[in-house]
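Novice: Requesting a structural model of the entry that follows:
(one chain, ligands or ions: 1)
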Amino acid sequence: MPNESLDDTGTMGIIDQWESEVRSYVRSFPCVFDRAEGSRLWDEDGRCYIDFFSGAGALNYGHNHPLLKAPLLRYLERNGITHSLDMATRAKTEFLESFAEIVLEPRGLDFKVQFPGPTGTNAVESALKLARKITGRDSIVSFTNAFHGMTLGSLSVTGNAFKRRGAGVPLGNSACMPFDGYFGTDIDTVEYFDTLLLDQGSGVDLPAAVIVETIQAEGGVRVASSAWLRALAAACHRHDVLLIVDDVQVGCGRTGPFFSFERAGIQPDLVCLSKSLSGMGLPLAVTLIRPELDQWEPGEHNGTFRGHNPAFVTARAALESFWQDEDLSREVVAKGQHVHRFLTELAGKCGIARESVRGLGLIQGLDLENTGLTREVCRRAFESGLILESSGPESTVLKIMPPLLVDTATLEEGLHRLAASVIGALEAGSAETETHA
Ligand code: PMP
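Specialist: Here you go, the predicted model:
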């Protein structure tokens, strides 16, 4: 029987009626999406949007890339196995082979691959558990403004107060240290960390591990310098503390190289990878483990969805299509520089400090230092057909994350809409201030 209330509210009414209040992105982008291709999405009314969000980093190669879609369709058509727990499948062995040959070996990285469950937080949880098991220590050090996921272990190393309150229980066994630049450019926060660990009176227990994002994406596009990352890795090594790099959002080429830590020349003990690993937005995560640290007992950490074979198929296709050479990395760096320049000019025109522009590769941020203004920019962007998100503890940072393969014309069009939204919101803001004056 047709639902009469639908006639009044449209298909969005179904969301309002049935989906939990916890829903979030639908509130920022209030339309019903239907199709997507490359860097564009269309809603059910046929309206087109440029995507500067890329599924929060899950769509580095854009939507429905033909080089990923074709092998997936072929796989399904021949009844390739879809679900397999963690049994051996051809799709999995082929993915592992490609991952080793294309990603690990050329970079001189020796890692065992754990499939911890399909999402980023699954990779983080397993890394934290393994670090505690190996060292016999309880505590994990994380950083101010870090974001590592929404399950309890990941939340305990996440900075955001609103998200932490959602836990409903005390979040313990973690210690928070200042990220690079937290106290300004003059204070070396690794030295601070090192000093606390050396001082038997500091009250900071020797942790099992340090978990770090090389660029804090959700935390407001904060870039750790390569020197800071190297110093952190050295401090971890000195104190026999494991180093976990959470590359869930900025891995898979977002900053240029496949892994975001390559620029610093460091080798973490554990690496968390998810989001764009499958290439098509299908859920897939891995925890990479230095071989001598792979001290799990069989089945000690398991889960039903660790053998998502369609995701293995598209992940392998993504590696083979885009990572056989350095072309994509170079392209991302060049596009990133272009976006950075554009934002710096825009900031200059709008009287915003140039330090408000930060980022590397195709994760760039513009900190407007005003929550209401940032919300208004995103609203205007959406109205003009641009999907743009904010980040940071007060949601003041515009986060610009187009697909890595975005073509020049679409990138320019998106940047143009972004600039118009910023200028429009600022003008409307000053008009409002004048009216209230
Ligand atoms: N780590 C980082 C750095 C992330 O950005 C995210 C997701 N935004 C996660 C972990 C959690 O991933 P998921 O949402 O897939 O659990």
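
Novice: Show me which residues of this protein are close to the ligand?
Specialist: Taking C-beta under 6 Å from any ligand atom as the criterion, the chain approaches the ligand at residues 56, 119-121, 124, 147-149, 213, 217-218, 246, 248-249, 274. All C-beta atoms are positioned from the backbone trio N, CA, C, and that covers glycine.

Novice: What about those, which are in strands?
Specialist: Residues of the residues of the chain next to the ligand located in strands (DSSP state E): D246.

Novice: From V339, how far out is the residue in the stretch 1-150 of the chain positioned nearest to the ligand?
Specialist: Closest to the ligand within the stretch 1-150 of the chain is G120: 2.2 Å, counting by C-beta to the nearest ligand atom. Between G120 and V339 the distance is 24 Å, computed by C-beta to C-beta, to the nearest Å.

Novice: Same check on A58?
Specialist: Distance check for A58 against V339: by C-beta to C-beta, it reads 20 Å.

Novice: Looking at the two, which one has more neighbours?
Specialist: Neighbour totals were compared for A58 and V339, and V339 leads with 26 against 22 (other C-beta atoms under 10 Å).

Novice: Check which helices and strands the helix or strand containing the more buried one sits against.
Specialist: In the assignment (DSSP states H and E), V339 maps to helix 327-349. Counting contacts by 3 or more C-beta pairs under 8 Å, 6 or more residues apart in numbering; DSSP states H and E, helix 327-349 packs against strand 357-360, strand 363-367, helix 408-436.

Novice: Just the residues contacting the shortest one, thanks.
Specialist: This points to strand 357-360. Residues outside strand 357-360 that contact it (C-beta atoms under 8 Å, 6 or more residues apart in numbering): 215, 221-223, 255-256, 260, 263, 336, 339-340, 343-344, 347, 364-367, 400.

Novice: Could you rerun that using 10 Å?
Specialist: With C-beta atoms under 10 Å, 6 or more residues apart in numbering as the test, strand 357-360 has contacts from 181, 214-215, 217, 220-224, 250, 254-256, 260, 263, 332-333, 336-337, 339-348, 364-367, 397-401.

Novice: Check which strands are paired with it and give the direction for each one.
Specialist: Strand 357-360 has the following sheet partners, assigned by DSSP bridges: strand 363-367 (antiparallel).

Novice: neighbouring contacts of the very next helix or strand once past the strand it pairs with?
Specialist: Next along the chain after strand 363-367, taking DSSP H and E as the criterion, comes helix 371-383. For helix 371-383, the surrounding residues in contact (C-beta under 10 Å, 6+ apart) are 28-31, 49-50, 52-53, 366-368, 370, 386-399, 414, 417-418, 420-426, 428-429.

Novice: Next up, the contacts around D138.
Specialist: By C-beta under 10 Å, 6+ apart, D138 lies in contact with R132, G172, N173, S174, D205, L206, P207, A208.

Novice: Can you tell me the SS state at it?
Specialist: coil (DSSP: H, G, I helix; E, B strand; the rest coil).

Novice: Distance of it relative to H416?
Specialist: D138 is 51 Å from H416, where distance means C-beta to C-beta.

Novice: Please apply the same query to V286.
Specialist: 38 Å.

Novice: These two: which has the busier surroundings?
Specialist: Set V286 next to H416 and count neighbours by other C-beta under 10 Å: V286 wins out with 24 against 14.

Novice: can you tell me which residues contact the more buried one?
Specialist: The contact partners of V286, taken as C-beta under 10 Å, 6+ apart, are 95-96, 99, 111-116, 122-123, 126, 271-274, 277, 306, 315.

Novice: How many residues are close by D43?
Specialist: For D43, the neighbour count with other C-beta under 10 Å is 17.

Novice: re the thing from before, in ChimeraX, how would I select the buried members of the contacts of strand 357-360?
Specialist: Buried subset of these, written as a ChimeraX selection, criterion 16 or more other C-beta atoms under 10 Å:
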select :181,214,215,217,220,221,222,223,224,250,254,255,256,260,263,332,333,336,339,340,342,343,344,346,347,364,365,366,367,397,398,399,400,401
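
Novice: can I assume D110 is in contact with D269?
Specialist: No. Between D110 and D269 there is no contact under C-beta atoms under 10 Å: 11.4 Å.

Novice: Touching both of those two, which residues are there?
Specialist: Joint contacts of D110 and D269 (C-beta under 10 Å, 6+ apart) are L288, I289, R290, E292.

Novice: could you redo the helices and strands packed on helix 327-349 as CSV and give each row mean pLDDT?
Specialist: Listed next are the helices and strands packed on helix 327-349 as CSV, based on pLDDT from 0 to 100:
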stretch, mean pLDDT
strand 357-360, 98
strand 363-367, 98
helix 408-436, 89
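
Novice: where does the protein have its least confident helix or strand?
Specialist: None of the helices or strands of the chain scores lower by mean pLDDT, DSSP states H and E than helix 4-9, at a mean of 48.

Novice: Check which helices and strands the helix or strand just after that one sits against.
Specialist: Downstream of helix 4-9, the next assigned helix or strand under DSSP H and E is helix 12-18. Judged by 3 or more C-beta pairs under 10 Å, 6 or more residues apart in numbering; DSSP states H and E, helix 12-18 is in contact with helix 4-9, helix 25-28.

Novice: try 7 Å
Specialist: helix 4-9 (3 or more C-beta pairs under 7 Å, 6 or more residues apart in numbering; DSSP states H and E).

Novice: Right, and the ligand sits closest to which residue of the stretch 301-437 of the chain?
Specialist: For the stretch 301-437 of the chain, C-beta to the nearest ligand atom, closest residue to the ligand: S391, 9.4 Å.
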